[in-house]
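Colleague: take this sequence and fold it.
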Amino acid sequence: MIKSLKYIIFAVCLVSALFLAGCSSSPSDAELKQLNDLKAQASSLEKQVQNKQSEKTALEKQIAEKNGKLQQCQSDQEAVKKALGAK
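Modeller: Predicted coordinates for the structure are as follows:
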């Protein structure tokens, strides 16, 4: 029984070694092209993200400016109401 187990383990190791030896250690041309395409796509998407972040920052600045003007108008409106009510 132990001898047969040793032979089974040996056979499994031999098959595993043959399987691993058959694996290529370098990528194929198609895989390299796909990798380069994915890198280019990732770079393009990163640029788009940066552009959108710049747009977001500009829009947030515009919102802050408009909110400041709105608050100024509201305070002016209150001042006018008080001035008209005092007469």
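
Colleague: what is the distance between stretch 77-87 and the centre of its chain?
Modeller: The chain centre lies 53 Å from the centre of stretch 77-87; the measure is CA atoms, centre = their mean, to the nearest Å.

Colleague: over to stretch 68-79?
Modeller: For stretch 68-79 - counting by CA atoms, centre = their mean - the centre lies 41 Å from the chain centre.

Colleague: how about stretch 43-59?
Modeller: Distance of stretch 43-59 from the chain centroid (CA atoms, centre = their mean) equals 12 Å.

Colleague: got a list of contacts for that stretch?
Modeller: By CB atoms under 8 Å, 6 or more residues apart in numbering, no residue outside stretch 43-59 reaches it. (C-beta placed from N, C-alpha, C; glycine too.)

Colleague: pLDDT on it, on average?
Modeller: In this model, stretch 43-59 has an average pLDDT of 96.

Colleague: next: stretch 67-86.
Modeller: Averaging pLDDT along stretch 67-86 yields 93.

Colleague: from residue 44, how far off is residue 75?
Modeller: 47 Å (CB to CB, to the nearest Å).

Colleague: do residue 66 as well
Modeller: Note on residue 66: its distance to residue 44, by CB to CB, is 33 Å.

Colleague: residue 82: how many residues sit nearby?
Modeller: Counted with other CB atoms under 10 Å, the neighbours of residue 82 add up to 9.

Colleague: repeat for residue 31
Modeller: Using other CB under 10 Å, residue 31 has 11 neighbouring residues.

Colleague: same check, this time on residue 57
Modeller: Residue 57: 10 neighbours (other CB under 10 Å).

Colleague: what does residue 52 give?
Modeller: By the criterion of other CB under 10 Å, residue 52 has 10 neighbours.

Colleague: please apply the same query to residue 38.
Modeller: Counted with other CB under 10 Å, the neighbours of residue 38 add up to 10.
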